[in-house]
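[1] Kindly return the folded structure for what I paste below:
(2 chains)
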There are 2 protein chains.
Amino acid sequence: MAIANKQIIYTHPPSPAINPDLSSNNGTFSLRQSSISLPIPTDKLLVRNHYLSLDPAMRQWLTAKRSYIAPVELGDVMRSLAIAQIVDVGESLTSQFKKGEWLIAVTGWQEYALLGAKEAAKQRAVVPPGCSPMDAMAVLGTTGLTAYFGLLEVGQMRAGDTVVVSGAAGATGMIVGQIARIKGAKRVVGIAGSPDKCRFLTEELGFDVAINYKDKDWKKQLRAACPEYIDVYFDNVGGEILDVCLGLAAKDARFPISGHISQYSAAKPEGPRNIMMLIGQRVMMKGFIYLDYHKKFPSAIADLQKWLIEGKIKRKEYIIKGGLEACPQGLVDMYAGANTGKTMVEVVPFSKAIQETPAKL
Amino acid sequence: MAIANKQIIYTHPPSPAINPDLSSNNGTFSLRQSSISLPIPTDKLLVRNHYLSLDPAMRQWLTAKRSYIAPVELGDVMRSLAIAQIVDVGESLTSQFKKGEWLIAVTGWQEYALLGAKEAAKQRAVVPPGCSPMDAMAVLGTTGLTAYFGLLEVGQMRAGDTVVVSGAAGATGMIVGQIARIKGAKRVVGIAGSPDKCRFLTEELGFDVAINYKDKDWKKQLRAACPEYIDVYFDNVGGEILDVCLGLAAKDARFPISGHISQYSAAKPEGPRNIMMLIGQRVMMKGFIYLDYHKKFPSAIADLQKWLIEGKIKRKEYIIKGGLEACPQGLVDMYAGANTGKTMVEVVPFSKAIQETPAKL
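    Next comes the predicted model:
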């Protein structure tokens, strides 16, 4: 006995851009028909992936050397966070887990996965009243925590600051701006890539100004939006935007560096030419990963949860239909800026879950 | 009655390199024969410059926008720190100052200067036993304090760290390495521009390794010298060396940014392409000026003084003869790496002081 398990395998290193074509001989990924034997091992859980998270860091997971995480090996299932449901429990674990429980787990681009108990115990989805498993993966998960710690711990944001965030309509950026608003920023300025995204930021999320970096005069607009320069620049993109923001840094500015989405697939990455501004204005730049702050997760999640329930933080998901096979193209599209909000691929809708989602509990 | 006062005036913005020729029509500087009327104003001090400090920051003082200090205006005397002696005291100040006192003052590239009392009171040279006014300007002054605060406050150097410093044979760099040694660094690695400088660093100052960045394989040498990567990189030069050090950053590395001497005269400054390492290794980069830490000057100077007297910090001066007129060429030569240690231009030797130097007291 076995169940079929479709998987997406990392096959060829991108050169440097991802080739999302699953049927190409040079595709970055390929499809594999695999299976999981039944009964499952007594010390394992079988989970079914419903929604797979697409994250800007994924490009880095493929090729970055000396990064915060080991690269995905060629021939392995592509790494990914997922909203997954426990559909079978190994005999020795029945007292700890039950069928139907939801996890936010690193299961990879596949339909099913086997997880150990230790792993799974850390990955139980926390879904507060009025919230969904989507929230557990986004606002209350990686993206919300990245925004929270980047802005408040690394960026040391203070009331009265001028806060600028790039990739502002992305999963993390949109939360950064909203937390800055909550924490009393004098000005919250978002940089995004379309008029629609900019409208979303100002009209729905309360950003003071949103600037489309595809406008010819976007630098002028940014200068005008920051008459007292920039106290905190939360960087999701790197490249030219980071460079321009460095040129506009206020004295003692803090630049939390969360991502370099503009550079991941660049053949020759661009360094910021305005680096000399570091001395002139005593700028502090620091890269970080939200996991660095794991000791402070409980209070951060409590804050985020409160703001989410109070409506002070608005959520937004960008859900790609088309099943597992939609992942590679979805990733490429995300790098091209298709999404507003948190990008996920729907593998199986909640309606097909083996029991109700915690959202309805 | 008046005394003649030769001055060097900032005449043409460098484009982008300094043209040191005082007789050229396009020279960055020109010579002016000026004079100071006698008797001097009752609320002023007349000081005579003996040694003028040449500092890497000077290129920035000419053209940098939004820097930590206002640029020198065209037509003004070039700004410079100096070891100067009070040679005349205005009538109202005779109870506060006396002829023969030494100051470390920003008097500029000229033979004499008039200073106000408030200014001068802050600039009295502190010359401990066994030390000279040279020390007051270097190890116990701007360069020593820059090394001290950059390494210990910005860089948060801890015992066991691998510390790398560029411009290591320069006035600041040579002190950085010695303080790192004193504070228990596991490895102290200097990057400099000649075999002689490298020998000086390892044989006289106790650096573990010194690397000549003009060697073809300097990057390999640096990698080999830092088997556990770099915990603190004290940057005096920017450009490619900063970039390579970023590529070798250890987890949680600190990069105090003190200078960008390789970039000041670049037509198009280079940004560090390895900027993505900031996230992978959570590197913190911060620009600073020693003056930011003025509240901690007394304890820092006490430490430096102690180490200097105990012989744990060795001093080194690079003194350019030739009088005031030698300043522009001396500055250009310093950018080309002529100096080992603190660069000064001798305008008038101590032997011609109106009374003994404090060094002999």
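[2] Can you tell me the closest non-neighbouring residue to whichever residue of the stretch 51-200 of chain A sits closest to chain B?
    Nearest residue of the stretch 51-200 of chain A to chain B: residue A:67, at 4.0 Å (CB to the nearest CB). Bear in mind the C-beta positions are built from the backbone N, C-alpha and C, glycine included. Excluding its sequence neighbours, the residue lying closest to residue A:67 (CB to CB, 6 or more residues apart in numbering or on different chains) is residue B:280, at 4.0 Å.
[3] Ok, residue A:212 next?
    residue A:198 (5.3 Å).
[4] Can you give the contact residues for the helix or strand that neighbour falls within?
    Assigned by DSSP states H and E, residue A:198 belongs to helix A:195-199. Helix A:195-199 has contacts (CB atoms under 8 Å, 6 or more residues apart in numbering or on different chains) with A:168-169, A:190, A:192, A:210-212, A:337, A:340.
[5] Pull the distance from the helix or strand just after it to the chain's centre.
    Once the chain leaves helix A:195-199, the next helix or strand it forms, by DSSP H and E, is strand A:209-212. A distance of 21 Å separates the C-alpha centroid of strand A:209-212 from that of its chain, computed with CA atoms, centre = their mean, to the nearest Å.
[6] Would you indicate which residues of the helix holding residue A:198 are buried?
    For helix A:195-199, a neighbour-count test (16 or more other CB atoms under 10 Å in any protein chain shown) marks A:197-198 as buried.
[7] Just the CA coordinates for that helix, please, in PDB.
    Extracted in PDB, the C-alpha atoms of helix A:195-199 (Å, rounded to 0.1, in the frame of the first residue of the first chain):
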ATOM      1  CA  PRO A 195      -0.100  52.400  -9.300                       C
ATOM      2  CA  ASP A 196      -2.500  49.800  -8.000                       C
ATOM      3  CA  LYS A 197       0.000  48.700  -5.300                       C
ATOM      4  CA  CYS A 198       0.500  52.400  -4.400                       C
ATOM      5  CA  ARG A 199      -3.200  53.000  -4.100                       C
END
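[8] Can you get me a residue count around the residue nearest to residue A:67?
    Taking other CB atoms under 10 Å in any protein chain shown as the criterion, the count of residues near residue B:280 is 20.
[9] Check the one 3 residues further on too.
    Neighbour count for residue B:283, taken as other CB under 10 Å: 26.
[10] That one is in contact with residue B:245, isn't it?
    No: applying CB atoms under 8 Å as the test, residue B:283 and residue B:245 come out as separate, 9.7 Å apart.
[11] which residues do the two both contact?
    Joint contacts of residue B:283 and residue B:245 (CB under 8 Å, 6+ apart) are residue B:255.
[12] confidence score at the residue of the stretch 51-200 of chain A closest to chain B?
    The model reports residue A:67 with a pLDDT of 84.
[13] just residue A:271 next, same as before
    At residue A:271, pLDDT is 88.
[14] and the nearest residue to it once chain neighbours are set aside, what is it in contact with?
    Using CB to CB, 6+ apart and skipping the chain neighbours, the partner closest in space to residue A:271 is residue B:271 (2.7 Å). Contact analysis of residue B:271 by CB under 8 Å, 6+ apart lists A:243, A:270-275.
[15] Where do the strands of the stretch 51-200 of chain A begin and end?
    Assigned by DSSP state E, counting those that start in this stretch, the stretch 51-200 of chain A shows strands spanning A:81-89, A:102-106, A:112-116, A:162-166, A:187-192.
[16] er, the stretch 251-361 of chain A actually
    With DSSP E, counting those that start in this stretch applied, the stretch 251-361 of chain A shows strands at A:284-287, A:317-320, A:342-346, listed in chain order.
[17] who wins for proximity to residue B:92 among these?
    Each of these has some distance to residue B:92 by CB to CB; the shortest is strand A:284-287, at 45.3 Å.
[18] Surely residue A:110 is in contact with residue A:76?
    No: Residue A:110 is beyond contact range of residue A:76, at 10.6 Å (criterion: CB under 8 Å).
[19] How about residues contacting the longest helix seen in chain A?
    Ranked by residue count, the top helix of chain A under DSSP state H comes out as helix A:297-309. If you take CB under 8 Å, 6+ apart as the criterion, helix A:297-309 is touched by A:126, A:128-131, A:135, A:139-140, A:144-145, A:148-149, A:178-179, A:182, A:293, A:313, A:315.
[20] Report the rounded mean pLDDT for it.
    Averaging pLDDT along helix A:297-309 yields 95.
[21] Go through that helix and flag the buried ones.
    Neighbour-count burial for helix A:297-309 [16+ other CB under 10 Å]: A:300-301, A:303-305, A:307-308.
[22] Stretch A:15-29 too?
    Applying 16+ other CB under 10 Å to stretch A:15-29 flags A:18-20, A:22, A:27-29 as buried.
[23] Stretch A:310-318 now?
    A:313-318.
[24] Which two among these are spaced furthest apart?
    Counting by CB to CB, the most remote pair of those is A:313 and A:318, 16.7 Å apart.
[25] what's the burial count for the residue nearest to residue A:75 when sequence neighbours are not counted?
    Spatial nearest neighbour of residue A:75, excluding adjacent residues (CB to CB, 6+ apart): residue A:9 at 6.4 Å. Per other CB under 10 Å, the neighbour tally for residue A:9 reads 21.
[26] give me every residue that touches residue A:9.
    A:29-32, A:75-78.
[27] you'd agree residue A:30 is in a strand?
    Yes: applying DSSP: H, G, I helix; E, B strand; the rest coil, one finds residue A:30 inside a strand.
[28] Can you point out the buried residues in the lowest-mean-pLDDT helix or strand in chain A?
    Ranking every helix and strand in chain A by mean pLDDT, DSSP states H and E puts helix A:117-122 at the bottom, with a mean of 90. For helix A:117-122, the neighbour count (16+ other CB under 10 Å) marks residue A:120 as buried.
[29] okay, it in PDB with CA atoms only?
    What follows is helix A:117-122 as a C-alpha-only set of coordinates in PDB (Å, rounded to 0.1, in the frame of the first residue of the first chain):
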ATOM      1  CA  ALA A 117       7.300  14.500  16.200                       C
ATOM      2  CA  LYS A 118       9.900  17.000  17.400                       C
ATOM      3  CA  GLU A 119       9.700  19.000  14.200                       C
ATOM      4  CA  ALA A 120       5.900  19.000  14.100                       C
ATOM      5  CA  ALA A 121       5.500  19.900  17.800                       C
ATOM      6  CA  LYS A 122       7.300  23.200  17.000                       C
END
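[30] helices and strands around that helix, which ones?
    For helix A:117-122, the packing partners by 3 or more CB pairs under 8 Å, 6 or more residues apart in numbering or on different chains; DSSP states H and E come out as strand A:44-53, strand A:102-106.
[31] hmm, who's touching that helix?
    Contacts for helix A:117-122 (CB under 8 Å, 6+ apart): A:43-45, A:47, A:86, A:93, A:96-97, A:103, A:105.
[32] filter those to the buried ones?
    Buried members of the contacts of helix A:117-122, counted by 16+ other CB under 10 Å: A:44-45, A:47, A:86, A:93, A:97, A:103, A:105.
[33] ok, those vs residue A:116, which is closest?
    Distances from residue A:116 to the buried ones among the contacts of helix A:117-122, taken by CB to CB, are shortest for residue A:44, at 6.4 Å.
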